[in-house]
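Asks: I'll drop the sequence and a predicted model, then ask my questions.
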Amino acid sequence: MRKLLPLILIAFVVTLSSCTKEYICQCVVKYSGNPPALPDSTVFEFAIKDKKKEAAKKCEANSTTLTQDNITMDEKCQLY
């Protein structure tokens with residue numbers, strides 16, 4: 001039993017650590033509307049450390065669309 005316990009402990013640690021990873025969330029921001037001289041599209045990234053499904057949910061939760069004074073800002077985020 002003493003020889004088996006370290007093996008079980010190692011397997012347990014490997015199993016838990018393999019589920020959580022660091023993912024990159026990439027967001028693309030685009031502007032549209034009538035006024036001239038709108039900024040170009042921009043891209044930014046940030047890290048999320050979680051399980052893949054949870055990381056995707058957290059990343060996509062940053063997506064948004066705002067409209068003000070005939071200018072629309074559209075931000076789409078997804079795992080990279």
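Replies: Yep, that arrived.
Asks: so where's the protein shaky on pLDDT?
Replies: The model of the chain has pLDDT under 70 over residues 1-2, 12-18.
Asks: and the strands in it, which stretches?
Replies: Remark: strands assigned in the chain by DSSP state E are 21-33, 42-50, 64-68, 71-79.
Asks: pull the number of nearby residues for E60.
Replies: 14 (other C-beta atoms under 10 Å). Where C-beta positions appear, they are placed from N, C-alpha and C, glycine not excepted.
Asks: now do the same contact list for the closest residue to it other than its chain neighbours.
Replies: Leaving aside its sequence neighbours, E60 sits nearest to C77 (C-beta to C-beta, 6 or more residues apart in numbering; 5.8 Å). Listed by C-beta atoms under 8 Å, 6 or more residues apart in numbering, the contact set of C77 reads 25-28, 59-63.
Asks: can I get the strands of the chain in JSON lines including distance to I10?
Replies: As requested, these are exported to JSON lines (distance: least, C-beta to C-beta, whole Å):
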{"stretch": "strand 21-33", "distance to I10": "19"}
{"stretch": "strand 42-50", "distance to I10": "22"}
{"stretch": "strand 64-68", "distance to I10": "44"}
{"stretch": "strand 71-79", "distance to I10": "30"}
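Asks: and those strands: which comes nearest P6?
Replies: Closest to P6 of those, according to C-beta to C-beta: strand 21-33, at 25.1 Å.
Asks: now the angle between strand 71-79 and that closest one, please.
Replies: Following axes from the mean of the first three to the mean of the last three C-alpha atoms, to 10 degrees, one obtains 160 degrees for the angle between strand 21-33 and strand 71-79.
Asks: returning to that earlier point: and the contacts of C77, which two are furthest apart?
Replies: The largest separation in the contacts of C77, counting by C-beta to C-beta, is between V28 and A61 at 15.5 Å.
Asks: so for the two, which residue has more residues nearby?
Replies: The neighbour comparison of V28 against A61 (other C-beta under 10 Å) goes to V28, with 14 against 10.
Asks: could you pull up the residues touching that one?
Replies: By C-beta under 8 Å, 6+ apart, the residues touching V28 are 41-43, 75-77.
Asks: try it again with 7 Å
Replies: The contact partners of V28, taken as C-beta atoms under 7 Å, 6 or more residues apart in numbering, are 41, 43, 76.
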